[in-house]
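Enquirer: below are the sequence and a predicted model for it; my questions follow.
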Amino acid sequence: MTKPEDSDDRQATPEPEERRLFQHPEWMVGVVLIFAVSAVIAGLDNPVWLLIGSPFILVLAIYVWVRFRR
């Protein structure tokens, strides 16, 4: 005899959602991209800002690469 909850679990499982391009909230990605553009602009005047903003610039480069590759 089958358990009634087994059949309910199979029917109640939702369909998997489409995987998002970036797993972080969209506002967080936007803030990082704004910091990256600010660091690049400030780095044109003073190269120290390129070093300080390098993590943000790296995220910007990955973001642009993923957007154009998809």
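Expert: Sure thing, it's come through.
Enquirer: contacts for the helix or strand harbouring Ile34, please.
Expert: With elements taken from DSSP states H and E, the one containing Ile34 is helix 26-45. Residues outside helix 26-45 that contact it (CB atoms under 8 Å, 6 or more residues apart in numbering): Phe22, Trp49, Leu50, Ile52, Gly53, Ser54, Phe56, Ile57, Val59, Leu60, Tyr63. The way it works is simple: take the backbone N, C-alpha and C, and place the C-beta from them, glycine included.
Enquirer: which elements pack onto the strand or helix carrying the third one?
Expert: Think Leu50. Assigned by DSSP H and E, Leu50 belongs to helix 48-52. When contacts are defined as 3 or more CB pairs under 8 Å, 6 or more residues apart in numbering; DSSP states H and E, helix 48-52 sits against helix 26-45.
Enquirer: point out where this structure drops to low pLDDT.
Expert: Scanning the chain for pLDDT under 70 picks out the ranges 1-16, 21-22.
Enquirer: can you rerun that using 80?
Expert: Along the chain, the parts satisfying pLDDT under 80 run over 1-26, 70.
Enquirer: compute the number of surrounding residues for Pro55.
Expert: When counting by other CB atoms under 10 Å, one arrives at 12 neighbours for Pro55.
Enquirer: ok, it to Asp45 distance?
Expert: 20 Å (CB to CB, to the nearest Å).
Enquirer: from the chain's centre, how far out does whichever helix or strand comes after the helix holding Leu50 sit?
Expert: As assigned by DSSP H and E, the chain's next helix or strand after helix 48-52 is helix 54-69. Distance of helix 54-69 from the chain centroid (CA atoms, centre = their mean, to the nearest Å) equals 10 Å.
Enquirer: likewise stretch 41-54?
Expert: On CA atoms, centre = their mean, the centre of stretch 41-54 falls 23 Å from that of its chain.
Enquirer: thanks again, I'm all set now.
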